[in-house]
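In: no FASTA, just this:
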């Protein structure tokens, strides 16, 4: 009888551990580390919009985004450097979205991706996609996230799809282009090498003053 009771308790312990592991953010973190690193580009989406004959103002722009994992234990256990360029991988560099992201799993199954900016962008811009060179990063090289992309992204994994978003209730940062505080709402959807991304900046009246009026997301396909 005691042996059977012990077996039941052991089984319950295993089930409890499995449920805890599934409930915390480790599965989401693992999926993010598998799916996010690399280079994504929206050229195909832009060309499809043009082929449909959409007015120029409705054609999604050409955006190239890269996510480079780096080894920087002084900054965090899981660290990714993000870049944004316009009109291709060698196009205009977006200094405001050159960021260092730390990924932290949460007990509720989500992952918080917290951005930091570079104090001296020009010092790191030449190595912006060089994981080995970026490993020299130290906490003093960074500053808190700011601007449109300065808020944490909360990621969750549902049915094999990674979805990330800001909290529009708390994400209020100064717009570097408009010089006024805006409430920022970002959304990411990532699956099978495709990244759907959208953002909006809302003024105090709840109007979209930064971002597409139709709020149709960009589609960026993995190119590397």
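Out: Received the coordinates, thanks. For clarity, every value in this text was computed on a predicted model and none was experimentally measured. Numbers count the residues shown, from 1 in each chain.
In: Run the chain-centre distance for stretch 213-224.
Out: Distance, stretch centre to chain centre, for stretch 213-224: 13 Å (Cα atoms, centre = their mean, to the nearest Å).
In: mean confidence for that stretch?
Out: In this model, stretch 213-224 has a mean pLDDT of 97.
In: What of stretch 45-64?
Out: 97.
In: Which positions within it qualify as buried?
Out: Going by neighbour count (16 or more other Cβ atoms under 10 Å), the buried part of stretch 45-64 is 45, 46, 49, 59, 60, 62, 63, 64. Just so you know, the C-beta spots here come from the backbone N, C-alpha and C atoms, and that holds for glycine as well.
In: just checking, the last one touches residue 93?
Out: It stands for residue 64. No: contact between residue 64 and residue 93 fails when scored by Cβ atoms under 8 Å: they sit 10.0 Å apart.
In: Show me whatever sits in contact with both of those two.
Out: Counting by Cβ atoms under 8 Å, 6 or more residues apart in numbering, the shared contacts of residue 64 and residue 93 are 84, 85.
In: Could you check which helix or strand contains residue 28?
Out: helix 26-35 (DSSP states H and E).
In: Who does the helix or strand just after that helix pair with, and is each partner parallel or antiparallel?
Out: Past helix 26-35, further along toward the C-terminus, the next helix or strand under DSSP H and E is strand 38-41. Within its sheet, strand 38-41 is paired with strand 63-70 (antiparallel), strand 218-222 (antiparallel), according to DSSP bridges.
In: for these, which one ends up most surrounded?
Out: Of all these, strand 63-70 carries the top mean neighbour count, a mean of 20, counting by mean count of other Cβ atoms under 10 Å.
In: Just want the angle from that one to helix 26-35.
Out: Going by axes from the mean of the first three to the mean of the last three Cα atoms, to 10 degrees, strand 63-70 is angled at 120 degrees with respect to helix 26-35.
In: and the closest residue in space to residue 106 that isn't next to it in sequence, what does it touch?
Out: Spatial nearest neighbour of residue 106, chain neighbours left out: residue 25 (4.7 Å); criterion: Cβ to Cβ, 6 or more residues apart in numbering. Residue 25 makes contacts with 104, 105, 106, 107, 108, 109, 110, 111, as judged by Cβ under 8 Å, 6+ apart.
In: and if you look at residue 48?
Out: By Cβ under 8 Å, 6+ apart, residue 48 lies in contact with nothing.
In: can I assume it sits in a strand?
Out: No: counting by DSSP: H, G, I helix; E, B strand; the rest coil, residue 48 is located in no strand; its state is helix.
In: Pull up the gap between it and residue 54, please.
Out: For residue 48, the distance to residue 54 equals 9 Å [Cβ to Cβ, to the nearest Å].
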